[in-house]
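K.L.:
next one to model:
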Amino acid sequence: MRVNDILRKLPKVDLVMSQMGEDADLAAVRDVLEDLRRDILVGKISEIPDDSELFQMIAGRSQKVAEFGLRRVINATGIPLHTNLGRAPLAQSVAEHVKQIVMGYSTLEYDLDAGSRGSRMAAVKQLLTKLCGAEAAVCVNNNAAAVLAALAALCGGGEVVVSRGELVEVGGSFRIPEVISQGGARLVEVGATNKTRLADYTAAIGSETAAILKVHTSNYRIVGFTEEVELLDLSELAAAHDIPLIYDLGGGSLVKLSQHEPTVQEVVAQGADIVCFSGDKLLGGPQCGIIVGKSTLIDKIAKHPLYRALRMDKLTLAALEATLKLYEIGCVDEIPTLAMLLKDAAELRYDAGELLRLIAPDPSKFSAEIVETMGQAGGGSLPTENFPSYAVAISPTCMPLNELEWRLRQWQTPIITRIQRERLLIDIRTVSQEDLTEVASAINSIFEGVCE
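P.N.:
Sure thing, here's the model as predicted:
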């Protein structure tokens with residue numbers, strides 16, 4: 001059949017609208033018919049779908065249009081701080097507090113006691129200084145912004161001394177030398193990639209030195225023939241020359257998770273004048289950049305014009321305050337990130353068994369078994385720490401493995417998995433007990449619908 005003859009069989013928009021009734025979505029009807037027209041012209045299809053199939057295509061397109069781009073997913077990768085999936089999920093109590101703030105007015109910049117304008121940072125500052133042992137605190141929208149704001153306010157026009165082994169690249173291809181440059185300062189590299197000594201820093205300090213910057217290599221580790229200067233020694237050197245020691249801590253944990261990962265409290269106690277870290281990594285809160293340290297230096301950062309451009313909004317402030325409250329009252333087990341990282345093997349093995357029990361392996365459709373896995377924290381945190389876990393490994397026999405992975409991604413609540421050694425893994429570390437039933441339902445429904 002010629003192309004023109006096939007095109008003539010395409011129904012008109014108004015005819016399809018009348019056949020589908022008042023619930024028909026005009027935009028979806030037009031889009032589907034236009035897609036069919038294009039496919040006919042390039043020879044992709046040679047027949048027009050029947051009415052039933054056409055109506056299903058239109059309904060599916062209409063549903064896609066109605067979906068949000070930013071959607072909830074189930075993280076079955078086993079990586080708690082999965083950057084592509086939004087890093088740290090918030091605690092239930094935190095989400096409830098944010099809901100109250102977003103649905104009405106708030107005391108964002110209003111002092112109830114004085115009955116006049118107040119500071120948006122007051123509550124968070126009080127919590128951070130208490131928890132971190134610092135004199136003062138201020139927050140911006142992410143950790144790169146925190147480092148940038150600190151450099152711009154404290155080092156603009158001067159030199160910043162950094163070890164060559166700490167000139168790292170962070171998320172999104174941003175590199176420390178570029179951040180220093182954008183902060184209006186000049187980079188002075190010292191030492192070698194694998195070894196930097198105190199004498200290297202001392203020799204580099206001159207009349208134009210504005211600060212020493214130490215960068216915690218939170219997303220990789222150099223091992224072997226290495227040497228770095230202890231923070232306490234750097235602090236004493238900076239104090240002797242009356243320049244600030246700025247520490248880009250990166251992940252920023254308030255709980256000791258690894259011998260290689262210093263806590264914020266430890267870094268402050270060892271003499272860092274300014275400490276910058278993320279809110280949505282090991283802290284387990286919202287995306288933000290937190291700066292704690294000496295009050296005289298924090299004041300300069302807060303008064304710099306860049307701070308206004310980088311400051312947090314009320315939703316982030318509400319989420320951060322509520323997260324910090326959980327630390328203050330000793331309820332860190334309610335913070336999902338920490339709960340996932342600290343979940344013990346017995347609990348993980350039990351949940352894997354629950355998922356295996358809920359699905360119905362059928363040799364003609366798929367096989368499933370519990371396997372041991374090894375994962376990481378993700379988000380550029382704890383790079384050398386491995387976290388043993390358990391997963392349910394699925395091997396389909398009635399469909400390709402990639403199709404199963406795709407169908408789970410297309411589920412009503414998308415389920416993000418990983419493929420390893422020709423098996424699809426549902427890693428239990430990042431799947432809540434509440435989501436086990438939905439994951440099982442998705443797997444069973446997919447195999448029932450496709451493999452009958």
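K.L.:
where do the helices sit along the stretch 301-450 of the chain?
P.N.:
305-310, 314-328, 336-341, 345-358, 401-409, 433-450 (DSSP state H, counting those that start in this stretch).
K.L.:
so which of these gets nearest Phe68?
P.N.:
Closest to Phe68 of the helices of the stretch 301-450 of the chain, according to C-beta to C-beta: helix 401-409, at 15.7 Å. C-beta: built from backbone N, CA, C; applies to glycine.
K.L.:
return the residues in contact with the residue nearest to the spatial centre of the chain.
P.N.:
Nearest to the mean C-alpha position of the chain, counting by C-alpha atoms, centre = their mean, stands Arg87 at 2.2 Å. Residues near Arg87 by C-beta atoms under 8 Å, 6 or more residues apart in numbering: Leu81, Asp280, Lys281, Gln287, Gly378, Gly379.
K.L.:
save those as TSV, and put in pLDDT and distance to Pro177 too.
P.N.:
Formatted as TSV, the contacts of Arg87 follow (pLDDT from 0 to 100; distance: C-beta to C-beta, whole Å):
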residue	pLDDT	distance to Pro177
Leu81	91	25
Asp280	94	25
Lys281	93	22
Gln287	95	24
Gly378	73	25
Gly379	69	22
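K.L.:
what is the mean pLDDT for stretch 94-104?
P.N.:
Stretch 94-104 comes out with an average pLDDT of 95.
K.L.:
check the offset of that stretch from the chain's centre.
P.N.:
In terms of C-alpha atoms, centre = their mean, to the nearest Å, the centre of stretch 94-104 is set 21 Å apart from its chain centre.
K.L.:
list the buried ones in that stretch?
P.N.:
Neighbour counts over stretch 94-104 (16 or more other C-beta atoms under 10 Å) mark Val94, His97, Val98, Ile101 as buried.
K.L.:
what residues are up against the residue nearest to the first one when sequence neighbours are not counted?
P.N.:
Of all residues not flanking Val94 in the chain, Ala322 sits nearest, at 4.1 Å (C-beta to C-beta, 6 or more residues apart in numbering). Each residue near Ala322 by C-beta under 8 Å, 6+ apart is listed here: Ala91, Ser93, Val94, His97, Val98.
K.L.:
circling back: max pairwise distance over the contacts of Arg87: which two?
P.N.:
Spatially, the most separated pair among these is Gln287 and Gly378, at 14.3 Å (C-beta to C-beta).
K.L.:
higher neighbour count, those two?
P.N.:
Ranked by neighbour count (other C-beta atoms under 10 Å), Gln287 and Gly378 place Gly378 first, with 23 against 18.
K.L.:
what residues are up against that one?
P.N.:
Applying C-beta under 8 Å, 6+ apart, we find Gly378 in contact with Ile79, Pro80, Leu81, His82, Thr83, Arg87.
K.L.:
ok, now with 7 Å
P.N.:
Ile79, Pro80, Leu81, His82, Thr83 (C-beta atoms under 7 Å, 6 or more residues apart in numbering).
K.L.:
over to Ser62?
P.N.:
Going by C-beta under 7 Å, 6+ apart, Ser62 touches Asp25, Ala28.
K.L.:
so what pLDDT did it get?
P.N.:
Looking at Ser62, the pLDDT reads 76.
K.L.:
now do the SS call for it.
P.N.:
helix (DSSP: H, G, I helix; E, B strand; the rest coil).
K.L.:
equivalent analysis for Glu22, please.
P.N.:
Criterion first, three-state DSSP; result for Glu22: coil.
K.L.:
how is this structure divided into domains?
P.N.:
3-65, 74-83+340-450, 92-332 (automatic domain parsing).
K.L.:
worst mean pLDDT among the ones you listed?
P.N.:
domain 3-65 (a mean of 82).
K.L.:
how about the helices in the stretch 51-200 of the chain?
P.N.:
Under DSSP H, counting those that start in this stretch, the stretch 51-200 of the chain gives helices at 51-66, 92-102, 122-132, 143-155, 176-182, 198-204.
K.L.:
check the offset of the third one from the chain's centre.
P.N.:
Put plainly, it is helix 122-132. 23 Å.
K.L.:
any buried residues in that helix, and which?
P.N.:
Ala123, Val124, Lys125, Leu127, Leu128, Thr129, Leu131, Cys132.
K.L.:
enumerate every residue touching the nearest residue to the second one once chain neighbours are set aside.
P.N.:
The shortest distance from Val124 to any non-neighbouring residue, by C-beta to C-beta, 6+ apart, is to Glu321 (5.2 Å). Glu321 sits next to Ala123, Val124, Leu127 when contact means C-beta under 7 Å, 6+ apart.
K.L.:
turn the residues you listed into a markdown table, columns for distance to Val160.
P.N.:
Below are these laid out as a markdown table (distance: C-beta to C-beta, whole Å):
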| residue | distance to Val160 |
| --- | --- |
| Ala123 | 32 |
| Val124 | 27 |
| Leu127 | 30 |
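K.L.:
looking at these, which is nearest Leu358?
P.N.:
Once C-beta to C-beta is applied, the member of these that ends up nearest Leu358 is Leu127, at 40.7 Å.
K.L.:
ok, the closest one touching Ile329?
P.N.:
No. At 10.8 Å, Leu127 does not count as touching Ile329 under the criterion of C-beta atoms under 7 Å.
K.L.:
Arg175 bridge partners, please.
P.N.:
Glu169 (DSSP bridges).
K.L.:
and it, how far from Val147?
P.N.:
Applying C-beta to C-beta, to the nearest Å, the value for Arg175 to Val147 is 11 Å.
K.L.:
if you count what's nearby, which of the two comes out ahead?
P.N.:
Remark: of Arg175 and Val147, Val147 carries more neighbours, 30 against 12, as counted by other C-beta under 10 Å.
K.L.:
can you pull the contacts of that one?
P.N.:
Contact analysis of Val147 by C-beta under 7 Å, 6+ apart lists Val179, Asp248, Cys276.
K.L.:
just give me the neighbour total for the second one.
P.N.:
In other words, Asp248. Quick note: Asp248 (other C-beta under 10 Å) scores 28 neighbours.
K.L.:
that one pairs with what?
P.N.:
Bridge pairing for Asp248 - DSSP bridges - gives Val215, Cys276.
K.L.:
look up phi and psi at Leu112.
P.N.:
phi -70, psi -40 (degrees, to the nearest 10).
K.L.:
what's the local residue count around it?
P.N.:
Leu112: 8 neighbours (other C-beta under 10 Å).
K.L.:
next one: Leu232
P.N.:
Other residues close to Leu232 by other C-beta under 10 Å number 12.
K.L.:
surely it is within a helix?
P.N.:
Yes. Counting by three-state DSSP, Leu232 is located in a helix.
K.L.:
what sits closest to it if chain neighbours are left out?
P.N.:
Here the residue nearest Leu232, using C-beta to C-beta, 6+ apart, is Gln270, at 5.0 Å.
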